[in-house]
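I would like the atomic coordinates for the input below:
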Amino acid sequence: MHLAGRSIARLRTPRVSVVVRRFTSSDKTPVEVNPKGRQLISRKTFDLIAESGASVEKWSLSRGLSMNKFEKDFMIYPEYTETDDVEMIKGYTETFRKDLEKALQALTKPQNGLSDEVMACLLKHNVVSTFVSKDFGGLGMCHKDLLKVYEVLGINWSVYTNVNAAHIFTNVLTIYGTEDQKQTYLPKIASGQCKPAICLHEEGMGTDLGAMKTEIFGGSKSTEKLKGRKMNVINGENADVYLVFAQRTVPGTTKRQLLCILVDRDELGDGSISIVEKKDMVGLKQSHVSTVDFDNVPVTYKNTLGSDNEIQEIAFEISCSNKMYFGSAVCSYMKNMLQTLSRHCNRTVQNGVALSAHTGVQKAITDLSLSVYVLETVSYYLGGLLDENLVIATDIENAIVHKYANKTLHQALITLVEIMGSAATDCSFKYHDIFGDVATLVSLGMSERDLTDQIAMGTLSTWVKQNTLLRPKFSFGRIFASADVNSTLHDPKMIHFVAEHAHPSLEPACRALEHSMSRLNAVIGKIAQEQGKTMNADYATISSLSEVIENNLGMLACIARASRSYSIGLRNRELELDWTIMYCTRTAVQTKTELECLGDHFGMVRLNPSILNVGRSVLELGGYCIESPIERNW
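Down below sits the predicted model:
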């Protein structure tokens, strides 16, 4: 694990929440899991799997693709095995959607926090219990079920934000909590009697846990107190239990350790919890986001969550998990918006023709629709693979979905302005609040650079570990390896024959995917040799690697989905094939260009450093530094 003081997002080891149906621990004792339930496992259990010698593609999809390793099972798009299960979740979500829309319409004026009608709707449909294990009174839904639930939550970003915060708290407590802690809080959370909140961030802390000022003091575990202030706390005003990160000085030493504490409002003693500031944000107006102050709150041993070496891991879990559900919520919101835009374009006449006939409008709708299609495909693909225990690690995939979702939200803003013009910012327009909501959502999540770093460096570190014994040690070996890289970039060889498992019309897309896998594996090897540990500082290279890794996952998921849709005769299956071919064609060209630049295909001039030099010069000179075109050298 990384040390306190380093970036949460720069955790190089794959920390994930995973689902297993059956797992054999180190003592060979099988753990049976309900096929329709979920079991989250800790990093220790994951390490046993990763270190067992199993092929990387068996436990991490994106890592496997980056090492040119492939399982034919990946070409089978996951689906429900029982029709009754499909009808059940569809019936549940349709009823939930109608009731939630009705509750949201009842809101006549803006207010801080979810309305009583919305809270009653969430309680009526047991929404919070959907992600609590059946062992603790919840419904214990599988990932595909939860993706459908989050589609409903995606109709309002404030509702999504509140429910997702409770979901992340539940995941953390399930993985790291003691049996007593889980028995105490999970049944109450499932029934709606207990509202949780997570307190991680502080003013000026960023992602540096070592800069945390909230502290536990007192010297004795029986008399210790918690004191500090946390910002950007979702639902902090109404919470009954808080998950708080704090620093503690080890008695008798100057060493400081991180702790994660459960703080119950009913056990404050002479301490207090107060709301210092309610944030007035440009978006998420119905969400409580506030700064919470803890003063002399008693801390006991039974309050601590996780062991000493798991605290960074818990912080990473909070920052990076649940992103495929975020992707599902974004897709739902975008589908509704596309329906509204389509109706507007078909009814609006400009220059004597319908707005929908303008090729510029069609191009904008094409780009947004493809983004939604890819995001939805990858989100459900990942959830299905987890339900079927075909992958274990999802840290990289979660980051990829997060980036896809952010890009789709940004693209939606551009599309709205392009098509609606000034009407997009009119308060009477249904989606006018997307501008504030998107800005707030993105600001509360991980930054683009941290997500990029997580994807690229997580993949690269695994590649190096897996290939340590195979790397050439002598100069001749490196020379021949370099020649092999150039050969692979020019003429990659197919060894998996992915097209044999897909629809015939997708053969070019399958070939492009396999070429990308082969090229990426070769390029990573060259980068690892040439740059080694300095790779961490080369953001331009990291960004290009991340782009290719994202593209590979997107192509694979879309190919698998389109093949399934055509084989079972889904409506609009021909359109789905066309969309997949178009996306894969675009992506293949982009991927090839990125990899050729990374492999120095264009000669000895490396392009990436020059990209960074532009930004560095602007920062060093305090702004845009090029003289005006009309200036003269007097």
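
And the contacts of whichever strand or helix holds Pro187?
Using DSSP states H and E, Pro187 sits within helix 179-191. Residues outside helix 179-191 that contact it (C-beta atoms under 8 Å, 6 or more residues apart in numbering): 126, 128-129, 132-133, 136-139, 166, 169-170, 173-174, 177, 194-196, 240-241, 262, 302, 305. The C-beta positions use only the backbone N, C-alpha and C, and glycine is treated the same way.

Just the buried residues of it, please?
With burial defined by 16 or more other C-beta atoms under 10 Å, the residues of helix 179-191 counted as buried are 181-182, 184-190.

could I have it exported to CSV, CA atoms only?
Taking C-alpha atoms only, helix 179-191 is exported to CSV below (Å, rounded to 0.1, in the frame of the first residue of the first chain):
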residue,chain,number,x,y,z
GLU,A,179,-19.5,-8.3,12.7
ASP,A,180,-20.8,-6.2,15.6
GLN,A,181,-20.5,-3.0,13.5
LYS,A,182,-22.4,-4.6,10.6
GLN,A,183,-25.1,-6.0,12.8
THR,A,184,-25.5,-2.6,14.5
TYR,A,185,-25.8,-0.4,11.4
LEU,A,186,-26.6,-2.3,8.2
PRO,A,187,-30.1,-3.4,9.3
LYS,A,188,-30.9,0.1,10.3
ILE,A,189,-29.5,1.5,7.0
ALA,A,190,-31.6,-1.0,5.0
SER,A,191,-34.8,-0.1,6.8
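
average pLDDT across it?
For helix 179-191, mean pLDDT rounds to 95.

Can you get me the centre-to-centre distance for it and its chain?
Taking C-alpha atoms, centre = their mean, to the nearest Å, one finds helix 179-191 lying 26 Å from the centre of the chain it belongs to.

Stretch 64-72 too?
Worked out by C-alpha atoms, centre = their mean, stretch 64-72 lies 21 Å from the chain centre.

Give me the mean pLDDT for that stretch.
91.

and it, which residues are buried?
64-70.

Tell me where the model's unsure across this protein.
1-54, 108-112, 219-222, 468-486, 531-534, 600-612, 634 (pLDDT under 70).

let's see 50
1-39, 469-470, 473-480, 601-605 (pLDDT under 50).

Among the contacts of helix 179-191, name the ones in strands.
Among the contacts of helix 179-191, the members found in strands (DSSP state E) are 196, 241, 262.

Please dump those into JSON lines; it should also carry distance to Pro508 for every row.
Shown next, in JSON lines, are the ones in strands among the contacts of helix 179-191 (distance: C-beta to C-beta, whole Å):
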{"residue": "Pro196", "distance to Pro508": "49"}
{"residue": "Val241", "distance to Pro508": "54"}
{"residue": "Leu262", "distance to Pro508": "54"}
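
what about the strands in the stretch 1-150 of the chain?
Applying DSSP state E, counting those that start in this stretch to the stretch 1-150 of the chain gives strands spanning 22-24, 30-32.

just checking, next helix/strand downstream of the strand or helix carrying Ser563?
Per DSSP H and E, Ser563 falls inside helix 539-567. Next along the chain after helix 539-567, taking DSSP H and E as the criterion, comes helix 573-598.

Off-centre distance for that following helix?
On C-alpha atoms, centre = their mean, the centre of helix 573-598 falls 22 Å from the chain's centre.

Just give me the neighbour total for Ile314.
22 (other C-beta atoms under 10 Å).

Show the contacting residues for it.
172, 176, 260, 305-306.

try Asp367
So Asp367 contacts 411, 415 (C-beta under 8 Å, 6+ apart).

Please report the distance of it from Thr415.
Distance of Asp367 to Thr415, given as C-beta to C-beta, to the nearest Å: 7 Å.

Could you do Val378 as well?
With C-beta to C-beta as the criterion, Val378 and Thr415 are 20 Å apart.

What residues of stretch 295-312 count as buried?
Here stretch 295-312 shows 297-299, 303-306, 310-312 as buried, counting by 16+ other C-beta under 10 Å.

go on, stretch 327-337?
Result for stretch 327-337 [16+ other C-beta under 10 Å]: buried residues 327-335, 337.

again, but for stretch 507-526
So for stretch 507-526, counting by 16+ other C-beta under 10 Å, buried means 509-526.

go on, stretch 84-92?
Result for stretch 84-92 [16+ other C-beta under 10 Å]: buried residues 89, 92.

Please state the offset of it from the chain centre?
26 Å.

Stretch 124-135 now?
So, by C-alpha atoms, centre = their mean, the centroid of stretch 124-135 is 22 Å from its chain's centroid.

Would you show me how to pick out the buried ones of the contacts of helix 179-191 in ChimeraX?
Buried members of the contacts of helix 179-191, defined by 16+ other C-beta under 10 Å, are picked up in ChimeraX with:
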select :126,128,129,132,133,136,138,139,166,169,170,173,174,177,194,195,196,240,241,262,305
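
follow-up on the earlier one: ok, so of the contacts of Ile314, who is nearest Lys407?
Lys407 lies nearest to Val172 out of the contacts of Ile314, by C-beta to C-beta, at 27.5 Å.

Neighbours of that closest one, how many?
Val172: 24 neighbours (other C-beta under 10 Å).

out of everything not next to it in sequence, what's closest to Phe497?
Glu514 (7.8 Å; C-beta to C-beta, 6 or more residues apart in numbering).

mind checking the SS state of the one you found?
At Glu514 the chain is in helix, as set by DSSP: H, G, I helix; E, B strand; the rest coil.

What segments of the stretch 351-500 of the chain are helices?
For the stretch 351-500 of the chain, helices defined by DSSP state H, counting those that start in this stretch occupy the ranges 359-387, 395-420, 434-444, 448-466, 475-490.

what packs against the shortest one?
Read it as helix 434-444. helix 157-176, helix 395-420 (3 or more C-beta pairs under 8 Å, 6 or more residues apart in numbering; DSSP states H and E).

Among those, show me which one is buried the most.
Highest mean neighbour count among the helices and strands packed on helix 434-444 (mean count of other C-beta atoms under 10 Å): helix 157-176, with a mean of 24.
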